[in-house]
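Undergrad: I would like the atomic coordinates for the input below:
(one chain, ligands or ions: 2)
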Amino acid sequence: MTDIKKGLAGVVVDYTAISKVNPDTNSLLYRGYPVQELAATQPFEAVAYLLWNGELPTDEQLAELVAYERSHRTLDPEIIAAIDLLPLEAHPMDVVRTAVSVLGASDPAAYDNSRESDLEKSRLLFAKIPAMVAYDQRRRRGQGIVEPRDDLDYSHNFLWMTFGEEPDSVVARAFNVSMILYAEHSFNASTFTARVIASTTADLYSAVVGAIGALKGPLHGGANEAVMHIFDEIGTASNVGPWLDEALASKRKIMGFGHRVYKHGDSRVPTMKAALDTLVEHYDAQELAELYDTLEADFVSRKGIYPNLDYPSGPAYHLMGFDTLTFTPLFVAARVTGWTAHIMEQAASNALIRPLSEYNGVDERHIEGYVPDFAATVDRPAEAAG
Ligand SMILES: CC(=O)SCCNC(=O)CCNC(=O)[C@H](O)C(C)(C)COP(=O)(O)OP(=O)(O)OC[C@H]1O[C@@H](n2cnc3c(N)ncnc32)[C@H](O)[C@@H]1OP(=O)(O)O
Ligand SMILES: O=C([O-])CC(=O)C(=O)O
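TA: Residues are numbered from 1 along each chain as shown. Ligands and ions are numbered 1, 2, ... in the order given. Sure, this is the predicted structure:
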């Protein structure tokens with residue numbers, strides 16, 4: 001019998017030099033650097049550079065990327081018009097997916113798959129996606145667009161464009177940490193989707209649009225939004241026990257817990273939890289922290305399944321003031337760096353990704369009364385031509 005690997009679980013399909021996820025040591029390296037060290041010391045711009053180029057930037061290289069990012073933040077009128085055509089009820093993941101698609105359709109270099117051109121597109125997406133996400137949240141709130149500020153770094157400016165206020169440094173620091181932690185995670189479902197699309201030699205924008213679709217699901221990136229929905233359902237820490245009794249009895253998945261690769265805890269959670277703690281203190285949000293800790297302790301003790309990165313990042317984005325529906329688009333803004341690094345890596349050493357399947361449908365059968373008429377088949381093109 002064929003050994004079917006459902007969900008490709010445990011299957012190694014290619015090499016990557018971009019990141020190393022090690023569930024045994026509970027560690028995550030980006031191009032060799034522990035992600036915790038990057039989160040503690042680097043701006044997100046430097047980590048984007050690292051993922052694309054393999055090395056951290058020199059001061060000059062960082063200044064060049066920062067200048068590029070700051071000068072490409074403004075949304076072109078056709079992107080704003082495309083977003084405005086979508087209903088206010090559209091999910092923000094649908095909005096960012098559509099806006100990226102429009103950006104790709106408007107780029108005359110879209111079909112140039114050279115590394116040089118793909119790096120340029122990666123930088124463009126890195127600069128533009130924050131404005132798409134920020135504008136969509138504002139329009140849903142009935143607020144006008146806030147123009148970017150080129151005196152602010154990526155994280156401060158993202159928060160500025162979303163809320164129209166300069167963020168406190170505690171908030172901007174936590175946001176920067178979240179972007180770095182979300183940036184890359186080897187062959188996760190959305191990155192693999194991007195690589196499958198890139199393997200057909202389709203353009204980079206198509207691969208990113210497909211990756212956004214894959215990230216949307218609650219088993220993947222959509223879990224950060226789903227965590228907040230369950231917090232809303234539970235209400236307060238004292239309700240956790242009875243809520244979990246019922247949720248587990250009805251075989252519900254508890255969002256923000258579990259992982260395909262990490263089985264003893266997600267390497268990124270302690271760093272994001274520490275960032276969340278700074279926000280809890282800043283916003284004096286003890287009730288939320290109590291709910292967080294109680295649900296984690298109760299679920300882990302019952303099931304031995306640990307939180308993943310979406311568990312601390314959902315409440316962190318909530319405290320920063322983002323709408324729950326905006327959480328997964330924030331993941332897009334971060335992960336576009338990892339996706340595009342993988343698209344370029346796939347292109348540099350490409351093989352069409354096309355696995356096999358084992359057929360288990362009905363045996364061969366035939367249409368009753370059907371008699372092959374080869375003459376008619378042969379004649380038809382000639383008739384059409386005549
Ligand atoms: C950034 C990210 O994308 S991280 C992932 C974010 N996703 C979530 O938080 C959604 C909730 N978690 C899950 O659905 C899963 O843990 C996944 C999809 C992430 C990983 O799934 P897999 O590796 O395929 O493990 P699988 O789903 O087979 O789980 C193994 C067992 O643990 C249980 N389990 C795993 N996660 C959970 C959970 N969050 N709640 C309840 N039970 C769970 C499964 O029901 C299954 O139990 P069973 O053997 O009795 O059927
Ligand atoms: O690796 C995975 O399967 C999911 C994940 O944590 C990520 O994409 O960040």
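Undergrad: list the buried ones in stretch 16-35?
TA: By neighbour count on 16 or more other C-beta atoms under 10 Å, the buried set for stretch 16-35 is 16, 18-19, 21, 23, 26, 28-31, 33, 35. Using the backbone N, CA and C atoms, a C-beta is placed for each residue, glycine as well.
Undergrad: tell me the mean pLDDT over it?
TA: The average pLDDT within stretch 16-35 is 96.
Undergrad: Gly265 and Asp232: what is the separation?
TA: 25 Å (C-beta to C-beta, to the nearest Å).
Undergrad: quick one, which of those two is more surrounded?
TA: Gly265 (16 against 10; other C-beta atoms under 10 Å).
Undergrad: can you list the residues of the stretch 251-386 of the chain near ligand 1?
TA: 253-260, 305, 308-310 (C-beta under 6 Å from any ligand atom).
Undergrad: hmm, try it at 8 Å
TA: By C-beta under 8 Å from any ligand atom, the residues of the stretch 251-386 of the chain that approach ligand 1 are 251-261, 266, 299, 303, 305, 308-311, 331.
Undergrad: helix, strand or coil for the residue in the stretch 1-150 of the chain positioned nearest to ligand 2?
TA: Closest to ligand 2 within the stretch 1-150 of the chain is Val21: 6.6 Å, counting by C-beta to the nearest ligand atom. The three-state assignment at Val21 reads strand, by DSSP: H, G, I helix; E, B strand; the rest coil.
Undergrad: pretty sure it is touching Ser267, no?
TA: Yes: counting by C-beta atoms under 8 Å, Val21 does reach Ser267; the two are 7.4 Å apart.
Undergrad: so what's in contact with these two at the same time?
TA: Common contacts of Val21 and Ser267 (C-beta atoms under 8 Å, 6 or more residues apart in numbering): Leu28.
Undergrad: check the gap between Tyr135 and Ala127 for me.
TA: Applying C-beta to C-beta to Tyr135 and Ala127 gives a distance of 14 Å.
Undergrad: again, but for Tyr49
TA: 13 Å.
Undergrad: comparing these two, which residue is more hemmed in?
TA: Higher neighbour count among Tyr49 and Ala127: Tyr49, with 24 against 19, using other C-beta under 10 Å.
Undergrad: OK, contacts around the more buried one?
TA: 56-57, 61-62, 65.
Undergrad: ok, which of those residues also contact ligand 1?
TA: Of the contacts of Tyr49, not one also sits near ligand 1 (C-beta under 8 Å from any ligand atom).
Undergrad: and of those, the nearest to ligand 1?
TA: Leu56 (24.2 Å).
Undergrad: report the contact partners of the closest one.
TA: Applying C-beta under 8 Å, 6+ apart to Leu56 gives the contacts 33, 42, 46, 49-50.
Undergrad: dihedrals phi and psi, the residue of the stretch 251-386 of the chain found nearest ligand 1?
TA: The nearest approach of the stretch 251-386 of the chain to ligand 1 comes at Gly258, 2.1 Å away (C-beta to the nearest ligand atom). Note on Gly258: its backbone torsions stand at phi 90, psi 160 [degrees, to the nearest 10].
Undergrad: likewise for the one 10 residues further on?
TA: Here is the backbone geometry of Arg268 (degrees, to the nearest 10): phi -90, psi -10.
Undergrad: how about Thr326, what does it touch?
TA: Shown in contact with Thr326 (C-beta under 8 Å, 6+ apart): 92, 133, 136-137, 162, 317.
Undergrad: for Ile234, report the pLDDT, please.
TA: Each residue has a pLDDT score; the one for Ile234 is 98.
Undergrad: need the contact list for it.
TA: By C-beta under 8 Å, 6+ apart, the contact list for Ile234 reads 240, 243, 291, 295.
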